[in-house]
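A.B. asks: no sequence for this one, just the structure:
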């Protein structure tokens, strides 16, 4: 179906909130074979929202709006829907009961304002929201579908996946857009481009885009206007050739993160990991514990920010720090071995570096980072020179550490 | 001026790239006193882009587009502009020279495709791009202004600030939008709404919006169509009344994060902090070390994910864990005091909870979290019941811990 996405809210229009909902919805619709071909954003004004809904539902088979469904006075979407579809707000008893029970089960009093969440346009279908209070609203009219979601991304995503998706008709179109994303780490865009140049010249049907980010370069393979099965075959052929050239840099597909890759590799091997970090300040541990069930492979982390902490918690000798500096191969080894010994894990990663913006010297400029990997067989370290931005340096360091462990587990990096 | 922002590009429409350009442009326009009142996104199709340009330039005094100005076949913006304004592409000699010189000065050969960047719609003004190759395009017609920027955020931002901004007419000062953002933690939207209801009813000129997020609810105060100085006075008056009702929940203004608030409070007091965390797995330490100069107030963090780590690194007795469970007030106290004693800091925060999705029991469901705060005077703990989403629970727990320390430093929470 031809679809339009309508984002409602002054905070989006005025740039105070970045609109991430539209991207999520577009990706989901494409995956289902629909075509998100238009998007617009309007502010919290009833007349303008009404006008948009009228216009979009006339021109698109599926219109999804986000935002403006909260219980406060500045949430105007429901009123605008009523005007656009010429309906009244009525109380949905089952929705009210559902909301009341959610509060009851959490032993909380329901604030009076929340009651209004059960007032919905007559004849609409309520999409029950167990992730918040505002239900989604679905209206079918003249074969077209209009859906309104609350703007909170977590609620919107869950409502889409669990409540709306099962209700949407399958797409009839066989000329869909097909994508595949491959994620790389440890190679920069221009070097990768050189390696792939010939391959790119010989291929016309699969379009390749380079999407560089702080965590590495993603590659997007696109085939348009082919039936899905044919497109997937074309992409698979192209991917095979691509992997021949740059296979070892590819750590994952689609949205999978490098920490998820490490999690899977460790769980498969029934091995566990501990970490010791300075400049990344908990970021590495945070990435590893971001994943449900992380206690299966993650034992502990030490954020040894001060030199004293390195000695107390990791047994790094003060003399070693004095001799080589806290940012050195020797200290990286001692940190990794320190946490390995106390945690008794299979592997330990360590990071010590100068994240910036201050703390750099001529010899060790901002961005200088040593990463260590230890196991019962010993330890290996690598030096990195990142750039000048503190946040990017921290993210790149944590990613590089995980990539070192990945390469070791694959037999590409020896300890 | 009433302004519209037009985003052009399949990668935005299909959700592979998040549109951050529009938010930047909107903020800049508001700061200059203009009114970005509409936004739309279309794909790389000439007819559709043409249609958008025609429609928007008819309805808005200022229209800014981003994207589709590159040298490849899928960049259609220039052709669409020509059709919309009925003009031809002509070669701009000065632009070609400018681009050639940029390549020369970097000792690089200019790829043939880049030449086409000097072909621009007749009668337009070129905004020279020293941050990339595609110039911006400005067309004035019947008193309205149309501007096209390339989509690369870094180029677009620089072109806006350095090339377009000096050319835009000043706004007539009586129609500006003025904002202030206040950030709260520790109170939910509906409860806050109840507390502010009367105040909202008595006020018409200052519009208040609730912006709930995982870290707390932000409040946006808006005054429209008043001179800036008058608007700021109105906002200050309203803010005073607002603070009377919910002052203690407000931790910051505008973009300041709660960790920045804590950083400033600790630096001012010359005090230092250490943390011990389980379910947040490094997130709390990560937030505290996100800020340049964090070693001034942050000493160490322990991510005691396993029970063994709690004993090894924090001295939490195994018997205590067995008796009360790892998620308990007693263990939260022992964790905070454990890291306080080893780090010898002024304060220590601890977090132990069930982030989910698994690990919950009837007695302690997913989301149950104990947070501890210790100082030389002893320790205090608080129990929280967050929801079911792992990532959100982790973020809310870290924020709640920082808010506990903030309240203590303000004398609102006793140890």
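C.D. replies: Structure's in. What do you need? For clarity, every value in this text was computed on a predicted model and none was experimentally measured.
A.B. asks: what about residue A:108, neighbour count?
C.D. replies: Neighbourhood size, residue A:108 [other Cβ atoms under 10 Å in any protein chain shown]: 11. Any C-beta I mention is one placed from the backbone N, CA and C, and that applies to glycine too.
A.B. asks: and the gap between it and chain B?
C.D. replies: Distance of residue A:108 to chain B, given as Cβ to the nearest Cβ, to the nearest Å: 9 Å.
A.B. asks: do residue A:415 as well
C.D. replies: Per Cβ to the nearest Cβ, residue A:415 is found 23 Å from chain B.
A.B. asks: mind checking what secondary structure the residue nearest the centre of chain A has?
C.D. replies: Centrality entry for chain A: nearest residue to the mean C-alpha point is residue A:255, 6.8 Å, by Cα atoms, centre = their mean. Following DSSP: H, G, I helix; E, B strand; the rest coil, residue A:255 is assigned to coil.
A.B. asks: skipping its backbone neighbours, what lies nearest it in space?
C.D. replies: residue A:181 (7.6 Å; Cβ to Cβ, 6 or more residues apart in numbering or on different chains).
A.B. asks: does the residue lying farthest from the centre of chain A sit in a helix, a strand or a coil?
C.D. replies: Ranked by distance from the centre of chain A (Cα atoms, centre = their mean), the top residue is residue A:319, with 42.2 Å. Taken by three-state DSSP, the conformation at residue A:319 corresponds to helix.
A.B. asks: pLDDT score for it?
C.D. replies: Looking at residue A:319, its pLDDT is 97.
A.B. asks: what does the stretch 151-300 of chain A put close to chain B?
C.D. replies: A:152, A:154, A:177, A:179, A:209, A:211, A:220, A:275, A:280-286, A:288-290, A:292-295, A:298-300 (Cβ under 8 Å from any Cβ of the partner chain).
A.B. asks: try it again with 7 Å
C.D. replies: A:152, A:154, A:177, A:220, A:281-283, A:285-286, A:289-290, A:292-295, A:298-300 (Cβ under 7 Å from any Cβ of the partner chain).
A.B. asks: list buried residues within those.
C.D. replies: Neighbour-count burial (16 or more other Cβ atoms under 10 Å in any protein chain shown) applied to those gives A:152, A:154, A:177, A:220, A:281-283, A:285-286, A:289-290, A:294-295, A:298-300.
A.B. asks: show me the shaky parts of the stretch 151-300 of chain A.
C.D. replies: Applying pLDDT under 70 to the stretch 151-300 of chain A flags the ranges A:173-175.
A.B. asks: now do the helices in it.
C.D. replies: Ranges of helices in the stretch 151-300 of chain A, per DSSP state H, counting those that start in this stretch, are A:153-158, A:189-201, A:228-246, A:258-269, A:283-288.
A.B. asks: possible to save the ones you listed as CSV with distance to residue A:101?
C.D. replies: Formatted as CSV, those follow (distance: least, Cβ to Cβ, whole Å):
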stretch, distance to residue A:101
helix A:153-158, 17
helix A:189-201, 52
helix A:228-246, 41
helix A:258-269, 35
helix A:283-288, 35
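A.B. asks: buried deepest among these, which one?
C.D. replies: helix A:283-288 (a mean of 28; mean count of other Cβ atoms under 10 Å in any protein chain shown).
A.B. asks: run through who's touching that one.
C.D. replies: Outside helix A:283-288, the residues that touch it by Cβ atoms under 7 Å, 6 or more residues apart in numbering or on different chains are A:259, A:275, A:277, A:294, A:298, A:301, A:349, A:351, A:394, A:398, A:401, B:281-283, B:286, B:303.
A.B. asks: nearest to residue B:366, out of the helices of the stretch 151-300 of chain A?
C.D. replies: Taking Cβ to Cβ, helix A:153-158 is the member of these nearest to residue B:366, at 14.8 Å.
A.B. asks: returning to that earlier point: just the buried ones among the residues of the stretch 151-300 of chain A next to chain B: which are in strands?
C.D. replies: If you go by DSSP state E, those have A:177, A:220, A:298, A:299, A:300 in strands.
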